[in-house]
Structure formats: structure tokens, C-alpha cells
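>>> what shape does this take:
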Amino acid sequence: MRFISMIRIEENMGQVPSEQLMRDMGKLIEEMTRAGQLISTAGLRPTSEGVRVRLRRGTLSMSDGPFIETKEVIGGYAILEAKSKEEAIELTQRFLKVHGDEWDIECEVRQLDGPEFGCEA
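Numbers count the residues shown, from 1 in each chain. As a prediction, the model looks like this:
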């Protein structure tokens, strides 16, 4: 089964990953990729570089970032291969633990749906 782990951050905190965190994260990513547990991962660019496209009652609209009304944003994601939701949670916990004590972040873990992921439509 495939899961997405979405990393929620407070974008305006200005926290930047240390070189040590980047090295530790690189090692974890390499290990999990070799084990077939990590399919894809990436960080997302700031909301100031984004745009929201909305369909409301048949009318399309767009608004450029940053999105001031949003406190927490998705800062990155990981696509995980896991045997169960519990295993996906354990893998997500490994990502979070690498950050150490100075970070205040959370992840939302959800199973991907559809026939290509072994799920019935």
C-alpha cells in the first residue's frame, strides 16, 4: 500500500534546516529508498511563489501567494510503501525524529487511493 506523509510547517517561522539535519535526512532517505519504503520525497517552495486556483459554483478564480490567512502549510511530502497504516506511521516518525528537539512540525499520513495502488475505486 502507498501512503503520503505531508509535512506541516509554520512557514513564517523562518526556521532553516542545519547542515547536520540535511546530512541526517539524506542518510535516512537513502536507507529508506534502498529498502523500498520511500518512493518519492520533496520539499515545497514557499507559498509566496505559489498560486491557488479555485472553482466555486462554476466560476474559476486565482490568487497569488503568499496566503496570509494560512498559518500552517504543507512544506513537503514523502510517498511511502508500507504494509499497513501503522508501518506508514512508524516510517513518518523516523522522519520527524531526525529533526531533533528544535523543530515543531507535524505530518499528516493518508493512504493513496485508486486501482494503481491496490485499492478498489
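
>>> so what does residue 76 look like in phi/psi?
Backbone torsions of residue 76, given as degrees, to the nearest 10, read phi 180, psi 180.

>>> which non-adjacent residue is nearest it?
Leaving out its chain neighbours, the residue that sits closest to residue 76 by Cβ to Cβ, 6 or more residues apart in numbering is residue 43, at 4.0 Å. Quick note: C-beta positions are derived from backbone N, CA and C, even for glycine.

>>> could you check how many residues crowd around the one you found?
11 (other Cβ atoms under 10 Å).

>>> list the buried residues in the longest helix anywhere in the chain.
Longest helix in the chain, counting residues (DSSP state H): helix 19-34. In terms of neighbour count (16 or more other Cβ atoms under 10 Å), helix 19-34 has its buried residues at 24, 28, 32.

>>> now do stretch 82-93
82, 88, 91-92.

>>> give me the mean pLDDT for it.
Regarding stretch 82-93, the rounded mean pLDDT is 97.

>>> likewise for stretch 1-19?
88.

>>> show residues contacting that stretch.
Stretch 1-19 has contacts (Cβ atoms under 8 Å, 6 or more residues apart in numbering) with 25, 39, 46-47, 66, 70-85, 88, 91-92, 95, 102-112, 117-119.

>>> buried subset of the residues you listed, written for PyMOL?
This is the PyMOL syntax for the buried subset of these, where burial follows 16+ other Cβ under 10 Å:
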select buried, resi 47+73+74+75+76+77+78+80+81+82+88+91+92+95+105+107+109+111
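
>>> take the contacts of stretch 1-19 and keep only those in strands.
39, 72-81, 106-111 (DSSP state E).

>>> list the contacts for the residue nearest in space to the middle of the chain?
By Cα atoms, centre = their mean, the chain has its centre lying nearest to residue 77, at 2.1 Å. Shown in contact with residue 77 (Cβ under 8 Å, 6+ apart): 4-7, 40-42, 44.
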